[in-house]
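**Student:** Next come a sequence and a model predicted from it.
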Amino acid sequence: MGPQDMGSEAPDSSESEEAEEGKEAPQEGEEGDDPAEQFFWRSVDERFRPERFRDQQQQVRRKDMTATSAMLPTNPFAAFLAVSLSCPDVTLGAELGADFEGDVVPGMNAMVTGPMTLEGTNVPPLSDYTTSTPTWSCPSLTTPTCAPGPTQAGCEASVAFIQDAKEPLVTGNRFKCTYLVTSMGGNTRCRPASMVKNGPGDWSGTCLYGSTFRTYTRTRDCTLAEFEQHVKDAKDDLEKVFEYFDDITATLVDDILTDLQDLVQREVIRKVTNLLDNLNCGFMREFWQGLTDNMCYRGMNGFRLIANSYVISGLLSLIIALFILVPWKISRDNADKYGSEVGSYQPGPA
């Protein structure tokens with residue numbers, strides 16, 4: 001194969017040591033110089049990458065996919081970092097914009113067995129760097145034997161890239177899928193796309209429960225295929241939900257307008273109007289009117305009632321005095337007469 005013919009001279013010991021140093025996996029958080037490579041590995045590290053692929057001391061030497069040396073001035077394995085999770089190549093559509101429409105993103109089949117083209121340049125597949133044709137059934141790759149030479153480290157890193165990064169993402173439960181369910185803690189999925197319209201404003205299977213129209217959700221681990229289908233299902237679900245909202249809103253619009261107008265009138269307009277009324281001196285008129293009524297009219301009437309009460313009290317006192325004077329006078333006259341006849345009584349001064 002081509003790689004076996006590359007470089008027949010054995011490197012000296014110093015170059016071998018430098019090559020071995022170049023093979024050392026970077027420490028945690030260390031990235032290559034290429035910004036695209038940094039972005040890729042950081043995304044994989046933070047979201048999807050398995051722990052055994054994260055610890056690259058013995059698993060993956062990802063620098064070997066981009067490192068260059070005197071024996072390998074251009075590393076052909078760097079192009080493999082652009083490979084997608086799809087097995088076949090993916091042609092981008094117009095929904096991504098004119099800049100990307102028609103671009104082809106190579107898949108894993110192109111990376112392993114070829115042919116692979118990246119930005120118009122033909123890229124040799126991984127099979128060109130092995131001693132025999134790899135046993136490949138996308139996304140599973142049986143570890144092949146990489147041809148010795150300057151490309152061996154990059155070839156082994158690329159194999160590990162497939163086995164430890166790509167394959168687990170495709171076959172493992174590395175994604176989170178959140179579904180609507182029919183009950184709290186239940187497993188029965190409820191899809192808004194399955195809602196049925198029975199009549200104007202009357203729907204069944206709405207995934208809304210109770211008087212508060214509550215929804216229940218369940219999140220579980222899922223595969224890439226399940227996650228992809230989950231995202232595709234969202235289109236039908238959203239279309240049906242908007243159809244439901246349009247229909248329900250049409251039946252409630254009169255109630256909404258009436259209740260909303262009453263609410264605004266009661267809670268906003270009336271309170272603002274009352275506030276504005278009290279910002280001038282209009283309230284002083286009622287206060288002054290009440291003050292004059294109480295002090296002048298009602299107060300003077302009170303004084304008149306008090307004077308009348310005193311007059312009545314005086315008349316009653318005079319009548320009572322006359323009633324008291326009569327028996328007293330009779331008693332006094334009797335006492336005086338009796339004293340003059342007996343002589344033992346000395347009347348006092350008249």
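**Tutor:** Arrived safely, thanks for sending.

**Student:** which residues sit against stretch 279-287?
**Tutor:** D277 (Cβ atoms under 8 Å, 6 or more residues apart in numbering). Placement of C-beta: from N, CA and C, glycine included.

**Student:** from the chain's centre, how far out does that stretch sit?
**Tutor:** Relative to the chain's own centre, stretch 279-287 is displaced by 50 Å; criterion: Cα atoms, centre = their mean, to the nearest Å.

**Student:** Show the backbone phi and psi for T206.
**Tutor:** Taking degrees, to the nearest 10, you get phi -80, psi -10 for the backbone angles of T206.

**Student:** Which residue comes closest to E101 once chain neighbours are left out?
**Tutor:** A94 (4.8 Å; Cβ to Cβ, 6 or more residues apart in numbering).

**Student:** doesn't D103 make contact with that neighbour?
**Tutor:** No. Taking contacts as Cβ atoms under 8 Å, A94 lies outside contact range of D103: 11.3 Å.

**Student:** ok, the two, which is more surrounded?
**Tutor:** Higher neighbour count among A94 and D103: D103, with 12 against 9, using other Cβ atoms under 10 Å.

**Student:** Against V90, how distant is that one?
**Tutor:** As judged by Cβ to Cβ, to the nearest Å, D103 and V90 stand 9 Å apart.

**Student:** Tell me where the stretch 251-350 of the chain has helices.
**Tutor:** 270-277, 282-292, 299-342 (DSSP state H, counting those that start in this stretch).

**Student:** for the stretch 1-150 of the chain, same thing?
**Tutor:** 13-23, 35-43, 51-54, 108-112.

**Student:** Mind telling me which of these the model trusts least?
**Tutor:** Mean pLDDT per stretch puts helix 13-23 lowest among the helices of the stretch 1-150 of the chain, at a mean of 41.

**Student:** what stretches of the stretch 51-200 of the chain score poorly on pLDDT?
**Tutor:** 51-61 (pLDDT under 70).

**Student:** which phi and psi does L180 have?
**Tutor:** Per degrees, to the nearest 10, the backbone of L180 is at phi -80, psi 140.

**Student:** Do I have it right that it meets R214?
**Tutor:** No. Judged on Cβ under 8 Å, L180 makes no contact with R214 at a distance of 11.1 Å.

**Student:** more neighbours, those two?
**Tutor:** Between L180 and R214, counted using other Cβ under 10 Å, L180 has the larger neighbour count: 16 against 10.

**Student:** The more buried one: what's it in contact with?
**Tutor:** Applying Cβ under 8 Å, 6+ apart, the residues near L180 are 189-192, 207, 215-217.

**Student:** How much space separates it from V268?
**Tutor:** 37 Å.

**Student:** likewise S158?
**Tutor:** With the distance defined as Cβ to Cβ, S158 ends up 68 Å from V268.

**Student:** which of these two has more neighbours?
**Tutor:** S158 (30 against 10).

**Student:** give me the element the more buried one is part of.
**Tutor:** helix 152-161 (DSSP states H and E).

**Student:** State whether K176 is indeed within a helix.
**Tutor:** No. Under DSSP: H, G, I helix; E, B strand; the rest coil, K176 sits outside any helix and is assigned strand.

**Student:** From S313, how far off is A307?
**Tutor:** For A307 relative to S313 (Cβ to Cβ), the value is 11 Å.

**Student:** can you list the helices of the stretch 251-350 of the chain in JSON lines and add mean pLDDT and distance to L252?
**Tutor:** As requested, the helices of the stretch 251-350 of the chain are exported to JSON lines (pLDDT from 0 to 100; distance: least, Cβ to Cβ, whole Å):
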{"stretch": "helix 270-277", "mean pLDDT": "84", "distance to L252": "25"}
{"stretch": "helix 282-292", "mean pLDDT": "75", "distance to L252": "41"}
{"stretch": "helix 299-342", "mean pLDDT": "88", "distance to L252": "61"}
